[in-house]
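Q: Next comes the sequence, and after it the predicted model I'd like to discuss.
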Amino acid sequence: MAKVATGPEIKRVEQMIKVLFFAAIREQLDCEELELKLNAEANTICDIKASLSEKGADWQKVFTDPTLLVAVNQTMVDDAQSLKSNDTVAFFPPVTGG
Amino acid sequence: MAKVATGPEIKRVEQMIKVLFFAAIREQLDCEELELKLNAEANTICDIKASLSEKGADWQKVFTDPTLLVAVNQTMVDDAQSLKSNDTVAFFPPVTGG
Amino acid sequence: MSLNSIKVQQQDFDFAKEVDTLEENNLVDGATVTFVGRVRNNNDGCQVKHLFLEHYAGMTEKCLFDISQQARERWQLGNISVIHRYGKLALGEKIVFVGVTSKHRQDAFMAAEFIMDYLKVSAPFWKKELTEQGERWVAAKAKDSKEANKW
Amino acid sequence: MSLNSIKVQQQDFDFAKEVDTLEENNLVDGATVTFVGRVRNNNDGCQVKHLFLEHYAGMTEKCLFDISQQARERWQLGNISVIHRYGKLALGEKIVFVGVTSKHRQDAFMAAEFIMDYLKVSAPFWKKELTEQGERWVAAKAKDSKEANKW
């Protein structure tokens, strides 16, 4: 059982988001899922993309591709969308079902 | 067996057409089918309609209705279409299949 | 080889079997669109008990074949199947079936809708309804002419 | 009561049974339009051996449901059924089914085509083809965006 904080001292809870990758993107990054700490000052999809781009050449290529799609909590959004703790962000290429 | 005309004397064969009526038109005229002699000088659908209109009030009403459709040998035509012997003419109301 | 199947018949048909025939031995076409029209229980506010469908035998087949050929000239199609029934039809019974296969869904959708729109205004079928108010010939709808004119 | 059935599944489905479910106990709707999409044996000139369909579980169902609700807002519809498969699919296998019933054929045609067009550009499915030249992710088609934008 986790200890419950009592009294005036408030424990700072880390603001985390989950990030998923699908299809060709997942293969290019060789990564299916990761967790990211949310920065209160830089919390839009645009910020997340900039931060992930720094992980290496493959990552930079993926996150600067203008065709990249993104969903937050299973709804498509654009880069201006801001995030809150526990959001699930998914990055994927243009869809090809049907 | 019919006698075959021989020699210089040529038997004049009557030029006939068959006329069919469908659906509400058939009911209004109480007539399914009739044969008409073809007039060499007045042989268009327009002429046929004029001639059939003379058969009575019901007939006049049917053949002056602008929505009446007509087919010759199972192809839709307009009133200017001219006819030849043995043609089958069909008159019917706007179609309502499907 | 493309299938062009036109049937005008009194008896009911098996929808699944017709679609199987439409699609069989066909690995080229990725898209199949079907339309089924049934006897509705109401039309222009009257409760319908059953329909009686009259047709001009011979011309109906010819007309449906012509329409399917016109569709082929407009779109890239695989197989086409059209079935239209006549005679007495009870509530809910199938009246008409149109099935089209194509490499591309757009072509299949367009062609199926085109065939139905043209059939509605040019195939010599006439519906007589038995309603609670008695028998009556169904009136042609201006909307149907409009829909055929859009092509 | 209108049926709004959305299924995302690995296993095949029985087309006839799905259409029966779509149409059953429905004497109001005279029109049923269906679409079936299958694995074609060629795409962009390559011989396809089979497909592998990946999807974003949860979001696909949500997305297909949203699309069917949008269709309901635009047209007068009865029942809607959408099935989309994922996983490994052999040549000729069914990938997607859309079925729509309506009082009027125009609404059923429009809605089925709309659902397919939107599904194509917004439902998170991705096709990987195994061709004679090896595996490759299928590229999205500009044509598909154009078709979705027409609505």
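A: That came through, no problem. Numbers count the residues shown, from 1 in each chain, chains lettered A, B, ... in the order given.
Q: From now on I want contacts and neighbour counts done on CA atoms only, so please keep to that.
A: Fine.
Q: now the helices: where do they sit in chain C?
A: Per DSSP state H, chain C carries helices over the ranges C:15-23, C:59-74, C:105-122, C:142-149.
Q: Please apply the same query to chain A.
A: Counting by DSSP H, one finds helices in chain A at the ranges A:23-29, A:45-53, A:57-63.
Q: Let me know which of those helices is the nearest to residue C:35.
A: helix A:23-29 (35.0 Å; Cα to Cα).
Q: Next one: residue A:33 from chain D, what distance?
A: Distance, residue A:33 to chain D, by Cα to the nearest Cα, to the nearest Å: 13 Å.
Q: Check the gap between residue A:29 and chain C for me.
A: From residue A:29 over to chain C the distance is 32 Å, taken as Cα to the nearest Cα.
Q: For that residue, give me its contacts.
A: Residue A:29 makes contact with A:58, A:59, according to Cα atoms under 8 Å, 6 or more residues apart in numbering or on different chains.
Q: what's the pLDDT at the residue of chain A found nearest chain C?
A: As assessed by Cα to the nearest Cα, chain C sits closest to residue A:98 within chain A, at 9.9 Å. pLDDT for residue A:98: 95.
Q: one step back: most neighbours per residue, which of the helices of chain C?
A: Compared across the helices of chain C, helix C:105-122 shows the largest average neighbour count, a mean of 24 (mean count of other Cα atoms under 10 Å in any protein chain shown).
Q: So for stretch A:48-56, what gets flagged as buried?
A: The neighbour-count check on stretch A:48-56 (16 or more other Cα atoms under 10 Å in any protein chain shown) flags A:48, A:49, A:50, A:53 as buried.
Q: Which pLDDT value goes with the first one?
A: So the one you mean is residue A:48. pLDDT recorded at residue A:48 is 97.
Q: Quick check: closest non-adjacent residue to residue C:77.
A: Setting aside the residues directly before and after it, residue C:77 is nearest to residue C:102 in space (Cα to Cα, 6 or more residues apart in numbering or on different chains), at 4.6 Å.
Q: wait, the one you found sits on residue C:34?
A: No. Residue C:102 sits out of contact with residue C:34 when judged by Cα atoms under 8 Å, with a separation of 11.7 Å.
Q: Generate JSON lines for the helices of chain C, with mean pLDDT and distance to chain D as supplementary columns.
A: Shown next, in JSON lines, are the helices of chain C (pLDDT from 0 to 100; distance: least, Cα to the nearest Cα, whole Å):
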{"stretch": "helix C:15-23", "mean pLDDT": "95", "distance to chain D": "5"}
{"stretch": "helix C:59-74", "mean pLDDT": "98", "distance to chain D": "16"}
{"stretch": "helix C:105-122", "mean pLDDT": "97", "distance to chain D": "7"}
{"stretch": "helix C:142-149", "mean pLDDT": "87", "distance to chain D": "9"}
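Q: Spell out which parts of chain A neighbour chain D.
A: Residues of chain A found near chain D (Cα under 8 Å from any Cα of the partner chain) are A:22, A:23, A:24, A:74, A:75, A:94, A:95, A:96, A:97, A:98.
Q: By neighbour count, which of the residues you listed wins?
A: In terms of neighbours by other Cα atoms under 10 Å in any protein chain shown, the residues of chain A next to chain D top out with residue A:98 at 28 neighbours.
Q: Now do the same contact list for the residue nearest in space to the middle of chain A.
A: Central residue of chain A (Cα atoms, centre = their mean): residue A:19, 3.9 Å from the mean position. Residue A:19 sits next to A:33, A:34, A:35, A:36, A:88, A:89, A:90, A:91 when contact means Cα under 8 Å, 6+ apart.
Q: how does it look with 10 Å?
A: A:31-36, A:48, A:71-72, A:87-91 (Cα atoms under 10 Å, 6 or more residues apart in numbering or on different chains).
Q: now the end-to-end length of stretch C:136-145.
A: Criterion Cα to Cα, to the nearest Å; first-to-last residue distance in stretch C:136-145 is 21 Å.
Q: So what pairs up with the residue nearest in space to the middle of chain C in the strands?
A: Nearest to the mean C-alpha position of chain C, counting by Cα atoms, centre = their mean, stands residue C:96 at 4.0 Å. Applying DSSP bridges to residue C:96 yields these beta-bridge partners: residue C:37, residue C:84.
Q: any idea how far chain A is from it?
A: Residue C:96 sits 27 Å away from chain A, going by Cα to the nearest Cα.
Q: Residue C:49 now?
A: Computed as Cα to the nearest Cα, the residue C:49 to chain A distance reads 40 Å.
Q: likewise residue C:50?
A: Using Cα to the nearest Cα, residue C:50 is found at 39 Å from chain A.
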